[in-house]
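Colleague: quick one, structure for this:
(chains A, B, C and D)
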Protein chains: 2
Amino acid sequence: MEDDKRTVRAVGRALDVLLCFTGKSDWGLSEIANQVGLHKSTVHRLLATLEDRGFVIRDEGTEKYRLGLRVLELSSSQSRPNDPSVVLLPEMERLRDQLGETVSLYVRDRTERVRIQAVQSEQAIRRVAPVGARLPLSVGASSKVLLAFAEPSVQSAALADPAWPQTLDKETYARQLDDIVDSGYSTSFEEREPGAAAVAAPIFNRAGKLVAALAVSGPSNRLTPEVMHNQAAFIMEAARRMGALLG
Amino acid sequence: MEDDKRTVRAVGRALDVLLCFTGKSDWGLSEIANQVGLHKSTVHRLLATLEDRGFVIRDEGTEKYRLGLRVLELSSSQSRPNDPSVVLLPEMERLRDQLGETVSLYVRDRTERVRIQAVQSEQAIRRVAPVGARLPLSVGASSKVLLAFAEPSVQSAALADPAWPQTLDKETYARQLDDIVDSGYSTSFEEREPGAAAVAAPIFNRAGKLVAALAVSGPSNRLTPEVMHNQAAFIMEAARRMGALLG
DNA sequence: AACACAGTTTCATAGAGTGAAACGAGGGAC
DNA sequence: GTCCCTCGTTTCACTCTATGAAACTGTGTT
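Modeller: Residues are numbered from 1 along each chain as shown, chains lettered A, B, ... in the order given. As a prediction, this is how the structure comes out:
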(Lines give C-alpha, C1' and ligand atoms only; values in the text may rest on other atoms or scores of the structure.)
Protein backbone atom coordinates (compact mmCIF):
# COMPACT_ATOMS: atom_id res chain seq x y z
CA MET A 1 0.00 0.00 0.00
CA GLU A 2 2.90 2.34 0.65
CA ASP A 3 5.05 1.84 -2.40
CA ASP A 4 2.03 1.69 -4.67
CA LYS A 5 2.82 5.27 -5.53
CA ARG A 6 6.19 4.28 -6.86
CA THR A 7 4.78 1.70 -9.19
CA VAL A 8 2.61 1.98 -12.26
CA ARG A 9 -0.81 0.50 -11.74
CA ALA A 10 -1.50 -0.45 -15.35
CA VAL A 11 1.85 -2.21 -15.60
CA GLY A 12 1.33 -4.11 -12.38
CA ARG A 13 -2.05 -5.26 -13.62
CA ALA A 14 -0.56 -6.40 -16.91
CA LEU A 15 2.07 -8.41 -15.08
CA ASP A 16 -0.63 -9.95 -12.93
CA VAL A 17 -2.40 -10.98 -16.10
CA LEU A 18 0.82 -12.50 -17.35
CA LEU A 19 1.28 -14.41 -14.13
CA CYS A 20 -2.05 -16.12 -14.65
CA PHE A 21 -0.27 -18.34 -17.12
CA THR A 22 1.78 -20.08 -14.47
CA GLY A 23 -0.10 -23.25 -13.73
CA LYS A 24 -2.65 -23.00 -16.51
CA SER A 25 -1.68 -22.42 -20.10
CA ASP A 26 -4.95 -21.54 -21.82
CA TRP A 27 -7.11 -18.65 -20.71
CA GLY A 28 -10.13 -16.89 -22.08
CA LEU A 29 -10.53 -13.16 -21.68
CA SER A 30 -13.41 -13.21 -19.20
CA GLU A 31 -11.67 -15.96 -17.29
CA ILE A 32 -8.62 -13.77 -16.75
CA ALA A 33 -10.77 -10.75 -15.92
CA ASN A 34 -12.46 -12.83 -13.27
CA GLN A 35 -9.19 -14.17 -11.94
CA VAL A 36 -7.43 -10.84 -11.51
CA GLY A 37 -10.59 -8.93 -10.58
CA LEU A 38 -10.63 -6.43 -13.41
CA HIS A 39 -13.11 -5.43 -16.04
CA LYS A 40 -13.26 -7.28 -19.31
CA SER A 41 -12.43 -4.20 -21.31
CA THR A 42 -9.42 -3.42 -19.16
CA VAL A 43 -8.04 -6.91 -19.48
CA HIS A 44 -8.73 -6.81 -23.19
CA ARG A 45 -6.49 -3.78 -23.58
CA LEU A 46 -3.77 -5.25 -21.40
CA LEU A 47 -3.80 -8.48 -23.37
CA ALA A 48 -3.70 -6.58 -26.65
CA THR A 49 -0.54 -4.87 -25.41
CA LEU A 50 1.01 -8.12 -24.24
CA GLU A 51 0.13 -9.71 -27.56
CA ASP A 52 1.59 -6.79 -29.49
CA ARG A 53 4.95 -7.37 -27.83
CA GLY A 54 4.74 -11.14 -28.32
CA PHE A 55 4.34 -12.07 -24.67
CA VAL A 56 1.03 -13.78 -25.34
CA ILE A 57 -0.46 -15.27 -28.47
CA ARG A 58 -3.91 -16.46 -29.35
CA ASP A 59 -4.38 -20.06 -30.20
CA GLU A 60 -5.79 -20.34 -33.67
CA GLY A 61 -8.83 -22.55 -33.41
CA THR A 62 -9.75 -22.01 -29.81
CA GLU A 63 -9.35 -18.27 -29.43
CA LYS A 64 -7.77 -18.69 -26.03
CA TYR A 65 -4.74 -16.78 -24.90
CA ARG A 66 -1.42 -18.51 -24.29
CA LEU A 67 2.16 -17.50 -23.53
CA GLY A 68 4.14 -16.28 -26.51
CA LEU A 69 7.68 -16.98 -27.53
CA ARG A 70 9.02 -13.77 -26.07
CA VAL A 71 8.96 -15.56 -22.75
CA LEU A 72 11.30 -18.24 -24.04
CA GLU A 73 13.53 -15.57 -25.51
CA LEU A 74 13.75 -13.73 -22.21
CA SER A 75 14.40 -16.77 -20.10
CA SER A 76 17.12 -18.03 -22.40
CA SER A 77 18.93 -14.74 -22.17
CA GLN A 78 18.61 -14.90 -18.43
CA SER A 79 21.29 -17.48 -17.76
CA ARG A 80 24.64 -15.82 -17.42
CA PRO A 81 28.07 -17.39 -17.40
CA ASN A 82 28.85 -19.09 -14.09
CA ASP A 83 25.17 -19.32 -13.37
CA PRO A 84 24.71 -21.88 -10.58
CA SER A 85 22.03 -23.73 -12.53
CA VAL A 86 24.49 -24.64 -15.27
CA VAL A 87 27.77 -24.72 -13.35
CA LEU A 88 26.41 -27.11 -10.75
CA LEU A 89 24.54 -29.39 -13.13
CA PRO A 90 27.34 -31.96 -13.52
CA GLU A 91 27.74 -32.28 -9.77
CA MET A 92 24.00 -32.67 -9.40
CA GLU A 93 24.00 -35.50 -11.91
CA ARG A 94 26.85 -37.15 -10.05
CA LEU A 95 24.89 -36.98 -6.80
CA ARG A 96 21.76 -38.28 -8.49
CA ASP A 97 23.73 -41.27 -9.78
CA GLN A 98 25.27 -41.82 -6.38
CA LEU A 99 21.99 -41.79 -4.44
CA GLY A 100 19.53 -42.71 -7.17
CA GLU A 101 17.05 -40.01 -6.21
CA THR A 102 15.91 -36.74 -7.74
CA VAL A 103 18.24 -33.81 -7.00
CA SER A 104 17.00 -30.21 -6.96
CA LEU A 105 18.60 -26.81 -6.58
CA TYR A 106 16.66 -24.02 -4.89
CA VAL A 107 17.30 -20.34 -4.38
CA ARG A 108 15.38 -17.93 -2.25
CA ASP A 109 13.40 -15.24 -4.05
CA ARG A 110 12.05 -12.80 -1.48
CA THR A 111 9.74 -14.85 0.72
CA GLU A 112 9.52 -17.86 -1.57
CA ARG A 113 11.90 -20.36 -3.05
CA VAL A 114 12.36 -21.28 -6.70
CA ARG A 115 13.69 -24.51 -8.14
CA ILE A 116 16.32 -23.29 -10.57
CA GLN A 117 17.65 -26.70 -11.58
CA ALA A 118 16.77 -30.37 -11.20
CA VAL A 119 17.88 -33.80 -12.35
CA GLN A 120 15.33 -36.55 -12.09
CA SER A 121 15.83 -39.93 -10.52
CA GLU A 122 15.82 -42.77 -13.01
CA GLN A 123 13.83 -45.12 -10.83
CA ALA A 124 10.28 -46.09 -11.76
CA ILE A 125 8.85 -44.34 -8.71
CA ARG A 126 10.51 -40.95 -8.53
CA ARG A 127 10.02 -37.38 -7.55
CA VAL A 128 9.20 -35.20 -10.54
CA ALA A 129 10.63 -31.75 -10.05
CA PRO A 130 9.88 -29.15 -12.73
CA VAL A 131 12.44 -26.37 -13.00
CA GLY A 132 11.03 -22.90 -12.34
CA ALA A 133 8.54 -24.09 -9.74
CA ARG A 134 7.87 -21.56 -6.99
CA LEU A 135 7.26 -22.96 -3.52
CA PRO A 136 6.62 -21.56 -0.06
CA LEU A 137 9.61 -20.75 2.10
CA SER A 138 7.99 -22.21 5.19
CA VAL A 139 7.84 -25.96 4.71
CA GLY A 140 10.13 -28.48 3.06
CA ALA A 141 13.73 -29.38 3.73
CA SER A 142 15.15 -26.77 1.35
CA SER A 143 13.00 -24.02 2.79
CA LYS A 144 14.35 -24.63 6.24
CA VAL A 145 17.92 -24.64 4.98
CA LEU A 146 17.40 -21.41 3.06
CA LEU A 147 16.01 -19.79 6.20
CA ALA A 148 18.29 -21.32 8.80
CA PHE A 149 21.45 -20.02 7.17
CA ALA A 150 19.98 -16.69 6.05
CA GLU A 151 20.57 -13.33 7.67
CA PRO A 152 18.19 -12.46 10.52
CA SER A 153 16.50 -9.76 8.44
CA VAL A 154 15.55 -12.36 5.88
CA GLN A 155 14.13 -14.64 8.53
CA SER A 156 11.96 -11.98 10.08
CA ALA A 157 10.76 -10.82 6.68
CA ALA A 158 9.69 -14.36 5.86
CA LEU A 159 7.85 -14.79 9.13
CA ALA A 160 6.14 -11.46 8.70
CA ASP A 161 4.89 -12.39 5.23
CA PRO A 162 1.11 -12.71 5.06
CA ALA A 163 1.53 -16.02 3.27
CA TRP A 164 3.31 -17.54 6.26
CA PRO A 165 1.16 -20.34 7.72
CA GLN A 166 -0.25 -19.21 11.03
CA THR A 167 -0.52 -22.79 12.21
CA LEU A 168 3.26 -23.14 12.61
CA ASP A 169 4.46 -22.45 16.11
CA LYS A 170 7.22 -19.90 15.72
CA GLU A 171 9.19 -21.01 18.76
CA THR A 172 9.31 -24.65 17.74
CA TYR A 173 10.23 -23.52 14.25
CA ALA A 174 13.05 -21.32 15.48
CA ARG A 175 14.46 -24.19 17.52
CA GLN A 176 14.27 -26.42 14.46
CA LEU A 177 16.30 -23.87 12.48
CA ASP A 178 18.92 -23.79 15.23
CA ASP A 179 19.24 -27.56 15.04
CA ILE A 180 19.73 -27.32 11.29
CA VAL A 181 22.52 -24.78 11.71
CA ASP A 182 24.18 -27.16 14.16
CA SER A 183 23.87 -30.31 12.09
CA GLY A 184 24.48 -28.62 8.74
CA TYR A 185 21.51 -30.19 6.99
CA SER A 186 17.74 -30.41 7.09
CA THR A 187 15.14 -33.08 6.43
CA SER A 188 11.45 -33.12 5.77
CA PHE A 189 9.11 -36.08 5.90
CA GLU A 190 5.72 -35.65 4.21
CA GLU A 191 5.88 -32.05 5.29
CA ARG A 192 4.71 -30.25 2.21
CA GLU A 193 3.55 -33.12 0.05
CA PRO A 194 2.13 -36.40 1.31
CA GLY A 195 4.29 -39.34 0.32
CA ALA A 196 7.39 -37.25 -0.31
CA ALA A 197 10.52 -36.73 1.76
CA ALA A 198 13.72 -34.75 1.27
CA VAL A 199 17.16 -33.92 2.63
CA ALA A 200 18.74 -30.54 1.97
CA ALA A 201 22.08 -28.85 2.61
CA PRO A 202 23.22 -25.25 2.10
CA ILE A 203 25.60 -24.16 -0.63
CA PHE A 204 27.85 -21.23 0.24
CA ASN A 205 30.01 -19.40 -2.25
CA ARG A 206 33.67 -18.69 -1.57
CA ALA A 207 32.76 -15.50 0.23
CA GLY A 208 30.71 -17.60 2.66
CA LYS A 209 27.38 -16.29 1.40
CA LEU A 210 24.39 -18.62 1.18
CA VAL A 211 23.45 -18.92 -2.47
CA ALA A 212 21.30 -22.04 -2.80
CA ALA A 213 19.98 -25.19 -1.20
CA LEU A 214 20.81 -28.61 -2.56
CA ALA A 215 18.01 -31.10 -2.05
CA VAL A 216 17.59 -34.81 -2.57
CA SER A 217 13.97 -35.89 -2.63
CA GLY A 218 11.94 -39.00 -3.26
CA PRO A 219 9.07 -41.15 -2.05
CA SER A 220 8.81 -41.30 1.72
CA ASN A 221 8.90 -45.09 1.82
CA ARG A 222 12.37 -45.08 0.28
CA LEU A 223 13.63 -41.93 2.01
CA THR A 224 12.97 -43.01 5.58
CA PRO A 225 14.48 -40.87 8.34
CA GLU A 226 17.32 -43.41 8.75
CA VAL A 227 18.12 -43.45 5.05
CA MET A 228 18.09 -39.67 4.93
CA HIS A 229 20.40 -39.45 7.90
CA ASN A 230 22.87 -41.73 6.13
CA GLN A 231 22.68 -39.71 2.94
CA ALA A 232 23.19 -36.38 4.68
CA ALA A 233 26.98 -36.66 4.76
CA PHE A 234 27.15 -37.24 1.01
CA ILE A 235 24.82 -34.35 0.32
CA MET A 236 26.77 -31.96 2.52
CA GLU A 237 30.00 -33.04 0.88
CA ALA A 238 28.48 -32.47 -2.57
CA ALA A 239 27.21 -29.05 -1.46
CA ARG A 240 30.70 -28.16 -0.27
CA ARG A 241 32.21 -29.12 -3.61
CA MET A 242 29.56 -27.13 -5.43
CA GLY A 243 30.25 -24.03 -3.39
CA ALA A 244 33.86 -24.17 -4.51
CA LEU A 245 32.69 -24.01 -8.12
CA LEU A 246 30.96 -20.71 -7.59
CA GLY A 247 32.48 -17.25 -7.72
CA MET B 1 -0.05 3.69 -35.13
CA GLU B 2 -3.57 2.45 -35.63
CA ASP B 3 -3.95 -0.07 -32.88
CA ASP B 4 -2.09 2.13 -30.46
CA LYS B 5 -5.45 3.07 -29.08
CA ARG B 6 -6.18 -0.53 -28.24
CA THR B 7 -3.01 -0.94 -26.25
CA VAL B 8 -1.86 0.56 -22.99
CA ARG B 9 1.10 2.83 -23.43
CA ALA B 10 2.60 2.38 -19.99
CA VAL B 11 2.43 -1.40 -20.32
CA GLY B 12 4.03 -1.35 -23.73
CA ARG B 13 6.84 0.77 -22.38
CA ALA B 14 7.36 -1.58 -19.46
CA LEU B 15 7.58 -4.53 -21.82
CA ASP B 16 10.07 -2.65 -23.94
CA VAL B 17 12.14 -2.14 -20.81
CA LEU B 18 11.91 -5.84 -20.11
CA LEU B 19 13.03 -6.68 -23.62
CA CYS B 20 16.23 -4.75 -23.07
CA PHE B 21 17.44 -7.76 -21.16
CA THR B 22 17.65 -9.94 -24.24
CA GLY B 23 21.26 -9.78 -25.29
CA LYS B 24 22.60 -7.90 -22.29
CA SER B 25 21.94 -9.02 -18.76
CA ASP B 26 23.01 -6.07 -16.62
CA TRP B 27 21.53 -2.61 -17.06
CA GLY B 28 21.69 0.62 -15.16
CA LEU B 29 18.66 2.88 -14.93
CA SER B 30 19.96 5.68 -17.11
CA GLU B 31 21.25 3.17 -19.56
CA ILE B 32 17.79 1.71 -20.05
CA ALA B 33 16.22 5.17 -20.19
CA ASN B 34 18.61 6.02 -22.96
CA GLN B 35 17.96 2.76 -24.79
CA VAL B 36 14.17 2.97 -24.84
CA GLY B 37 14.06 6.74 -25.16
CA LEU B 38 12.19 7.54 -21.98
CA HIS B 39 12.86 9.76 -19.02
CA LYS B 40 14.81 8.46 -16.08
CA SER B 41 11.92 8.94 -13.70
CA THR B 42 9.52 7.10 -15.96
CA VAL B 43 11.84 4.15 -16.33
CA HIS B 44 12.43 4.20 -12.61
CA ARG B 45 8.74 3.70 -11.94
CA LEU B 46 8.41 1.01 -14.57
CA LEU B 47 11.38 -0.87 -13.16
CA ALA B 48 9.98 -0.55 -9.65
CA THR B 49 6.81 -2.20 -10.88
CA LEU B 50 8.70 -4.94 -12.68
CA GLU B 51 10.79 -5.50 -9.58
CA ASP B 52 7.74 -5.63 -7.36
CA ARG B 53 6.37 -8.52 -9.39
CA GLY B 54 9.75 -10.26 -9.48
CA PHE B 55 10.43 -9.81 -13.18
CA VAL B 56 13.64 -7.93 -12.49
CA ILE B 57 15.95 -7.88 -9.52
CA ARG B 58 18.80 -5.66 -8.53
CA ASP B 59 22.21 -7.16 -8.21
CA GLU B 60 23.48 -6.66 -4.72
CA GLY B 61 26.89 -5.09 -5.03
CA THR B 62 26.55 -3.47 -8.41
CA GLU B 63 23.12 -1.89 -8.22
CA LYS B 64 22.38 -2.94 -11.78
CA TYR B 65 19.09 -4.41 -12.87
CA ARG B 66 18.84 -7.99 -14.05
CA LEU B 67 16.09 -10.44 -14.96
CA GLY B 68 14.30 -12.00 -12.00
CA LEU B 69 13.20 -15.54 -11.44
CA ARG B 70 9.61 -14.88 -12.49
CA VAL B 71 10.89 -15.17 -16.03
CA LEU B 72 12.11 -18.70 -15.38
CA GLU B 73 8.82 -19.52 -13.73
CA LEU B 74 6.84 -18.29 -16.70
CA SER B 75 8.93 -20.00 -19.32
CA SER B 76 8.82 -23.32 -17.51
CA SER B 77 5.05 -23.21 -17.36
CA GLN B 78 5.02 -22.41 -21.04
CA SER B 79 5.80 -25.88 -22.36
CA ARG B 80 2.64 -27.87 -22.74
CA PRO B 81 2.22 -31.58 -23.32
CA ASN B 82 2.99 -32.55 -26.94
CA ASP B 83 4.98 -29.38 -27.34
CA PRO B 84 7.18 -29.80 -30.44
CA SER B 85 10.29 -28.72 -28.56
CA VAL B 86 10.05 -31.72 -26.24
CA VAL B 87 8.29 -34.25 -28.45
CA LEU B 88 10.80 -33.87 -31.25
CA LEU B 89 13.90 -33.77 -29.08
CA PRO B 90 14.71 -37.49 -29.36
CA GLU B 91 14.45 -37.40 -33.15
CA MET B 92 16.66 -34.34 -33.20
CA GLU B 93 19.30 -36.14 -31.18
CA ARG B 94 19.10 -39.08 -33.53
CA LEU B 95 19.68 -36.80 -36.51
CA ARG B 96 22.54 -35.06 -34.75
CA ASP B 97 24.20 -38.41 -34.14
CA GLN B 98 23.60 -39.45 -37.73
CA LEU B 99 25.08 -36.33 -39.32
CA GLY B 100 27.36 -35.11 -36.55
CA GLU B 101 26.23 -31.50 -36.82
CA THR B 102 24.14 -29.15 -34.71
CA VAL B 103 20.39 -29.59 -35.20
CA SER B 104 17.93 -26.73 -34.56
CA LEU B 105 14.17 -26.37 -34.56
CA TYR B 106 12.62 -23.06 -35.61
CA VAL B 107 9.10 -21.72 -35.60
CA ARG B 108 7.83 -18.55 -37.15
CA ASP B 109 6.68 -15.81 -34.79
CA ARG B 110 5.06 -13.05 -36.81
CA THR B 111 7.81 -11.75 -39.05
CA GLU B 112 10.68 -13.41 -37.25
CA ARG B 113 11.76 -16.91 -36.42
CA VAL B 114 12.63 -18.32 -33.01
CA ARG B 115 14.83 -21.29 -32.22
CA ILE B 116 12.66 -23.32 -29.87
CA GLN B 117 14.98 -26.31 -29.53
CA ALA B 118 18.55 -27.30 -30.39
CA VAL B 119 21.01 -30.13 -29.89
CA GLN B 120 24.66 -29.27 -30.34
CA SER B 121 27.15 -31.13 -32.44
CA GLU B 122 29.81 -32.90 -30.45
CA GLN B 123 32.65 -32.02 -32.76
CA ALA B 124 35.36 -29.61 -31.65
CA ILE B 125 34.33 -27.05 -34.24
CA ARG B 126 30.58 -26.74 -34.04
CA ARG B 127 27.70 -24.41 -34.45
CA VAL B 128 26.49 -23.12 -31.08
CA ALA B 129 22.75 -22.55 -31.15
CA PRO B 130 21.15 -21.05 -28.06
CA VAL B 131 17.48 -21.91 -27.60
CA GLY B 132 15.18 -18.90 -27.59
CA ALA B 133 17.23 -16.93 -30.09
CA ARG B 134 15.18 -14.68 -32.35
CA LEU B 135 16.39 -14.28 -35.91
CA PRO B 136 15.22 -12.50 -39.05
CA LEU B 137 12.82 -14.31 -41.33
CA SER B 138 14.62 -13.14 -44.44
CA VAL B 139 17.95 -14.92 -44.52
CA GLY B 140 19.09 -18.40 -43.50
CA ALA B 141 17.96 -21.82 -44.64
CA SER B 142 15.21 -22.13 -42.03
CA SER B 143 13.83 -18.70 -42.82
CA LYS B 144 13.38 -19.60 -46.43
CA VAL B 145 11.68 -22.88 -45.52
CA LEU B 146 9.33 -21.14 -43.11
CA LEU B 147 8.38 -18.65 -45.80
CA ALA B 148 8.31 -20.93 -48.82
CA PHE B 149 5.71 -23.25 -47.31
CA ALA B 150 3.72 -20.55 -45.55
CA GLU B 151 0.41 -19.13 -46.67
CA PRO B 152 0.63 -16.21 -49.12
CA SER B 153 -0.65 -13.79 -46.50
CA VAL B 154 2.29 -14.66 -44.29
CA GLN B 155 4.73 -14.15 -47.12
CA SER B 156 3.42 -10.73 -48.03
CA ALA B 157 3.33 -9.66 -44.39
CA ALA B 158 6.98 -10.64 -44.02
CA LEU B 159 8.01 -8.76 -47.15
CA ALA B 160 6.06 -5.70 -46.03
CA ASP B 161 7.78 -5.66 -42.66
CA PRO B 162 10.00 -2.59 -42.18
CA ALA B 163 12.76 -4.90 -40.97
CA TRP B 164 12.92 -6.67 -44.32
CA PRO B 165 16.28 -5.95 -45.97
CA GLN B 166 15.74 -3.66 -48.93
CA THR B 167 18.85 -5.01 -50.60
CA LEU B 168 17.21 -8.35 -51.41
CA ASP B 169 15.70 -8.50 -54.86
CA LYS B 170 12.14 -9.66 -54.37
CA GLU B 171 11.84 -11.42 -57.71
CA THR B 172 14.99 -13.48 -57.25
CA TYR B 173 13.86 -14.26 -53.76
CA ALA B 174 10.42 -15.39 -54.89
CA ARG B 175 11.99 -17.70 -57.46
CA GLN B 176 14.25 -19.11 -54.78
CA LEU B 177 11.20 -19.89 -52.64
CA ASP B 178 9.58 -21.67 -55.58
CA ASP B 179 12.65 -23.84 -56.00
CA ILE B 180 12.49 -24.72 -52.32
CA VAL B 181 8.88 -25.80 -52.61
CA ASP B 182 9.85 -28.00 -55.55
CA SER B 183 12.89 -29.61 -53.96
CA GLY B 184 11.42 -29.84 -50.47
CA TYR B 185 14.43 -28.36 -48.71
CA SER B 186 16.52 -25.24 -48.48
CA THR B 187 20.19 -24.43 -48.00
CA SER B 188 22.17 -21.39 -47.00
CA PHE B 189 25.89 -20.85 -47.38
CA GLU B 190 27.39 -18.01 -45.33
CA GLU B 191 24.14 -16.19 -45.86
CA ARG B 192 23.46 -14.80 -42.43
CA GLU B 193 26.69 -15.57 -40.62
CA PRO B 194 30.12 -15.77 -42.23
CA GLY B 195 31.61 -19.22 -41.91
CA ALA B 196 28.29 -20.94 -41.28
CA ALA B 197 26.07 -23.03 -43.52
CA ALA B 198 22.78 -24.86 -43.05
CA VAL B 199 20.20 -27.17 -44.58
CA ALA B 200 16.55 -26.96 -43.55
CA ALA B 201 13.35 -28.87 -44.24
CA PRO B 202 9.74 -28.16 -43.30
CA ILE B 203 7.82 -30.08 -40.66
CA PHE B 204 4.10 -30.42 -41.29
CA ASN B 205 1.64 -31.77 -38.76
CA ARG B 206 -0.90 -34.45 -39.66
CA ALA B 207 -3.30 -31.80 -40.84
CA GLY B 208 -0.69 -30.70 -43.36
CA LYS B 209 0.00 -27.42 -41.63
CA LEU B 210 3.54 -26.04 -41.48
CA VAL B 211 4.60 -25.97 -37.86
CA ALA B 212 8.38 -25.73 -37.81
CA ALA B 213 11.62 -25.89 -39.73
CA LEU B 214 14.24 -28.50 -39.00
CA ALA B 215 17.76 -27.26 -39.62
CA VAL B 216 21.20 -28.82 -39.65
CA SER B 217 23.97 -26.27 -39.42
CA GLY B 218 27.72 -26.18 -39.07
CA PRO B 219 30.92 -24.58 -40.32
CA SER B 220 30.87 -23.83 -44.03
CA ASN B 221 34.05 -25.76 -44.72
CA ARG B 222 32.40 -28.97 -43.55
CA LEU B 223 28.93 -28.20 -44.87
CA THR B 224 29.88 -27.61 -48.49
CA PRO B 225 27.05 -27.40 -51.03
CA GLU B 226 27.71 -31.02 -52.08
CA VAL B 227 27.66 -32.32 -48.52
CA MET B 228 24.45 -30.44 -47.81
CA HIS B 229 22.85 -31.84 -50.93
CA ASN B 230 23.68 -35.34 -49.78
CA GLN B 231 22.33 -34.69 -46.31
CA ALA B 232 19.07 -33.22 -47.55
CA ALA B 233 17.36 -36.57 -48.02
CA PHE B 234 18.09 -37.61 -44.44
CA ILE B 235 16.85 -34.31 -43.09
CA MET B 236 13.64 -34.44 -45.08
CA GLU B 237 13.06 -38.00 -43.94
CA ALA B 238 13.62 -36.97 -40.31
CA ALA B 239 11.26 -34.02 -40.76
CA ARG B 240 8.61 -36.37 -42.12
CA ARG B 241 8.95 -38.65 -39.12
CA MET B 242 8.75 -35.71 -36.76
CA GLY B 243 5.58 -34.44 -38.38
CA ALA B 244 3.94 -37.77 -37.65
CA LEU B 245 4.71 -37.28 -33.96
CA LEU B 246 2.73 -34.07 -33.79
CA GLY B 247 -0.99 -33.69 -33.26
C1' DA C 1 36.60 21.22 -2.77
C1' DA C 2 34.34 21.04 -6.97
C1' DC C 3 32.45 18.25 -10.27
C1' DA C 4 30.09 14.62 -12.81
C1' DC C 5 27.02 11.15 -12.90
C1' DA C 6 23.63 7.69 -11.15
C1' DG C 7 19.59 6.98 -8.82
C1' DT C 8 15.54 8.84 -6.21
C1' DT C 9 11.72 11.83 -5.07
C1' DT C 10 8.44 15.61 -5.69
C1' DC C 11 4.76 17.91 -8.05
C1' DA C 12 1.54 20.34 -11.35
C1' DT C 13 -0.54 19.25 -15.43
C1' DA C 14 -2.30 16.80 -19.43
C1' DG C 15 -4.10 13.22 -21.25
C1' DA C 16 -4.12 8.33 -20.71
C1' DG C 17 -6.40 4.57 -18.62
C1' DT C 18 -10.61 3.20 -16.82
C1' DG C 19 -15.16 0.80 -16.52
C1' DA C 20 -20.03 1.11 -17.62
C1' DA C 21 -22.68 0.19 -21.34
C1' DA C 22 -23.74 -0.99 -25.86
C1' DC C 23 -22.61 -3.97 -29.73
C1' DG C 24 -21.85 -8.13 -32.48
C1' DA C 25 -20.94 -13.00 -32.89
C1' DG C 26 -21.30 -17.60 -32.01
C1' DG C 27 -23.44 -21.70 -29.85
C1' DG C 28 -26.55 -24.46 -27.44
C1' DA C 29 -31.32 -25.44 -25.71
C1' DC C 30 -35.79 -26.21 -26.95
C1' DG D 1 -36.47 -21.93 -36.69
C1' DT D 2 -36.22 -18.49 -32.31
C1' DC D 3 -34.56 -17.31 -27.91
C1' DC D 4 -31.06 -16.74 -24.71
C1' DC D 5 -26.72 -16.90 -22.65
C1' DT D 6 -21.90 -15.94 -22.95
C1' DC D 7 -17.84 -14.36 -24.98
C1' DG D 8 -15.01 -10.90 -27.14
C1' DT D 9 -14.94 -6.21 -29.02
C1' DT D 10 -15.69 -1.29 -29.29
C1' DT D 11 -17.19 3.26 -27.78
C1' DC D 12 -17.07 7.23 -24.77
C1' DA D 13 -17.19 10.64 -20.89
C1' DC D 14 -14.87 11.29 -16.72
C1' DT D 15 -11.39 10.84 -13.29
C1' DC D 16 -7.37 9.88 -11.72
C1' DT D 17 -3.11 8.03 -13.18
C1' DA D 18 1.12 8.41 -15.57
C1' DT D 19 4.21 11.73 -17.06
C1' DG D 20 8.60 14.50 -17.30
C1' DA D 21 10.90 18.60 -15.70
C1' DA D 22 13.27 19.83 -11.88
C1' DA D 23 15.03 19.44 -7.46
C1' DC D 24 17.48 16.41 -4.41
C1' DT D 25 20.73 12.82 -2.59
C1' DG D 26 24.60 10.04 -2.70
C1' DT D 27 28.95 8.25 -4.50
C1' DG D 28 33.05 8.37 -6.75
C1' DT D 29 36.47 11.16 -9.68
C1' DT D 30 39.41 14.89 -10.96
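Colleague: what about the helices in chain A?
Modeller: All helices of chain A, identified by DSSP state H, fall at A:9-19, A:29-36, A:40-52, A:69-76, A:84-87, A:89-99, A:141-148, A:152-160, A:170-183, A:225-245.
Colleague: buried sites along the longest one?
Modeller: Using 16 or more other C-beta atoms under 10 Å in any protein chain shown as the burial criterion, the residues of helix A:225-245 that qualify are A:227-228, A:231-232, A:235-236, A:238-239, A:242-243. For the C-beta atoms, the positions are set from N, CA and C on the backbone; glycine is no exception.
Colleague: name the helices or strands packed onto it?
Modeller: Judged by 3 or more C-beta pairs under 8 Å, 6 or more residues apart in numbering or on different chains; DSSP states H and E, the packing partners of helix A:225-245 are helix A:89-99, strand A:186-189, strand A:196-204, strand A:210-219.
Colleague: okay, the ones you listed in a markdown table with distance to A:Val114 and mean pLDDT next?
Modeller: Shown next, in a markdown table, are the helices and strands packed on helix A:225-245 (distance: least, C-beta to C-beta, whole Å; pLDDT from 0 to 100):
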| stretch | distance to A:Val114 | mean pLDDT |
| --- | --- | --- |
| helix A:89-99 | 16 | 98 |
| strand A:186-189 | 17 | 98 |
| strand A:196-204 | 14 | 98 |
| strand A:210-219 | 10 | 97 |
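Colleague: nearest to DNA strand D, out of those?
Modeller: strand A:210-219 (23.5 Å; C-beta to the nearest atom of the strand).
Colleague: wait, which of the helices and strands packed on helix A:225-245 is closest to A:Ala33?
Modeller: Across those, A:Ala33 has its closest neighbour in strand A:196-204 (35.8 Å, C-beta to C-beta).
Colleague: and the residue nearest the centre of chain A?
Modeller: A:Val114 (1.7 Å; C-alpha atoms, centre = their mean).
Colleague: which residues touch the nearest residue to it once chain neighbours are set aside?
Modeller: Leaving aside its chain neighbours, A:Val114 sits nearest to B:Leu69 (4.6 Å; criterion: C-beta to C-beta, 6 or more residues apart in numbering or on different chains). Applying C-beta atoms under 8 Å, 6 or more residues apart in numbering or on different chains to B:Leu69 gives the contacts A:107, A:109, A:114, A:116, A:132, A:134, B:54, B:57.
Colleague: so A:Ile57 touches A:Lys64, yeah?
Modeller: No. A:Ile57 is beyond contact range of A:Lys64, at 9.9 Å (criterion: C-beta atoms under 8 Å).
Colleague: neighbour-wise, which of the two wins?
Modeller: Per other C-beta atoms under 10 Å in any protein chain shown, whichever of A:Ile57 and A:Lys64 has more neighbours is A:Ile57, with 17 against 14.
Colleague: so who does that one touch?
Modeller: Applying C-beta under 8 Å, 6+ apart, we find A:Ile57 in contact with A:51, A:65-69.
Colleague: repeat that for A:Ile203.
Modeller: Counting by C-beta under 8 Å, 6+ apart, A:Ile203 touches A:84, A:88, A:210-214, A:239, A:242-243, A:246.
Colleague: that older thread, which ones among the buried residues of helix A:225-245 also lie next to DNA strand C?
Modeller: With C-beta under 7 Å from any atom of the strand as the criterion, these include none near DNA strand C.
Colleague: which one of the residues you listed is nearest to DNA strand D?
Modeller: Closest to DNA strand D, out of all of the buried residues of helix A:225-245 and judged by C-beta to the nearest atom of the strand, is A:Gly243, at 27.5 Å.
Colleague: pretty sure the closest one is touching A:Ala207, no?
Modeller: No. Between A:Gly243 and A:Ala207 there is no contact under C-beta under 8 Å: 10.0 Å.
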